[in-house]
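Q: One predicted model, sequence on top.
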Amino acid sequence: MEKKHKSLIFTSMLILFSGAAVLLLNSTIFEETTKSYTAMEHNGVSHTRTLPEVPYLVTESNPARAGHAEQVREKWAGTEIEPAQWGEQVTGVKNRMATEEKVLTLTLDACGGPYGSGYDEELIDFLREEEIPAVLFVNARWISENEAVFLELSEDDLFTIENHGTEHLPLSVSSGTAWGIKGTGGAEEVIDEVMENQELIYSLTGIWPSFFRSGTAYYDEAAVQIVNDLGLEAVNYDILGDAGATYTSSQVKEALLTAEAGSIALLHMNQPGSGTAEGVMEAVPLLQERGFEFVHLGDYELEE
């Protein structure tokens, strides 16, 4: 009996020691991400979000969480580059899904700023009622004006949250200009435009976006390479769905009806007075009749 008792004590001590070793090992691999955040009121109700009390594993799919962003800064520091391309479809920007299946992705930009901080609730309500998934490219300025709505949308599995930049700037290493807006000037500013909003989205929701779209959707090829170095894919479109929320509802409808297998449509959810919602509501049932299914960007590989 005494020998058996000593064996049990030794086994217990071994289990405790092993558990402590595992905890110590985990502490070197994981970051704790427990946060609680209360947003501004939306429709008179404040919205509180507590992030799950689970460890966050640093992986290659989320390299910036391991300090990778600083490595990218070091890589590009002091570089002088004269980019050869400037526009919406430059080398490295993905514009459609690589598939022959009749699938379509609706991407909705929320740009923020003095003329773009609205919320098209009619459009979002329609998508929810019809169970149509969409990808929301959200800018930091829009988040600051619509925090409760943003958190509510981030919790809805129908939508995926992606990065639309911090100041809604064209992405350039040489201060390229698009639509009268001067873009970032140099690699450091490119990284800040991407990562400040990336970290903001993560800090509020626990979501680490996989895709990035610049303000105005303009890039040069060097800026796209920096986006890739940061672990994200630059995504634009092959359907100009509402032309910055300037199209009439009939123009939005006709644009969406040009969809082909793997198309990505660019629309906006920050202009409730536009024709976007009505155009989408008219086009969706017609597209479904044609056999189209609506999907998320992450469901398929992307191509230029």
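A: Perfect, I can see it now. Numbers count the residues shown, from 1 in each chain.

Q: any idea how far residue 215 is from residue 180?
A: Using CB to CB, to the nearest Å, residue 215 is found at 12 Å from residue 180. (Each C-beta comes from the backbone N, C-alpha and C, glycine too.)

Q: out of these two, which sits in the busier spot?
A: More crowded of residue 215 and residue 180, by other CB atoms under 10 Å: residue 215, with 26 against 6.

Q: surely that one meets residue 166?
A: No. With contact defined as CB atoms under 8 Å, residue 215 does not reach residue 166; the gap is 9.0 Å.

Q: overlap in contacts of those two?
A: residue 139 (CB atoms under 8 Å, 6 or more residues apart in numbering).

Q: Phi, psi for residue 69 please.
A: phi -60, psi -40 (degrees, to the nearest 10).

Q: Can you tell me the closest non-neighbouring residue to it?
A: residue 195 (5.3 Å; CB to CB, 6 or more residues apart in numbering).

Q: Which strand or helix spans the one you found?
A: Using DSSP states H and E, residue 195 sits within helix 187-205.

Q: tell me which residues in that helix are buried?
A: Buried residues in helix 187-205, counted by 16 or more other CB atoms under 10 Å: 187, 189-195, 197-202, 204-205.

Q: Please compute how far that helix lies from its chain's middle.
A: Its chain's C-alpha centre and that of helix 187-205 lie 11 Å apart, by CA atoms, centre = their mean, to the nearest Å.

Q: Does anything pack onto it? Which helices or strands?
A: helix 68-76, helix 140-145, helix 147-154, strand 159-163, helix 221-229 (3 or more CB pairs under 8 Å, 6 or more residues apart in numbering; DSSP states H and E).

Q: what's the closest of these to residue 239?
A: For the helices and strands packed on helix 187-205, the distance to residue 239 is smallest for strand 159-163, at 17.1 Å, taking CB to CB.

Q: got the CA coordinates for that closest one in CSV?
A: Presented in CSV, the C-alpha positions along strand 159-163 are these (Å, rounded to 0.1, in the frame of the first residue of the first chain):
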residue,chain,number,x,y,z
PHE,A,159,-21.2,39.7,-43.7
THR,A,160,-17.4,39.7,-43.6
ILE,A,161,-15.5,42.8,-42.5
GLU,A,162,-12.5,43.9,-44.6
ASN,A,163,-10.1,46.8,-44.6
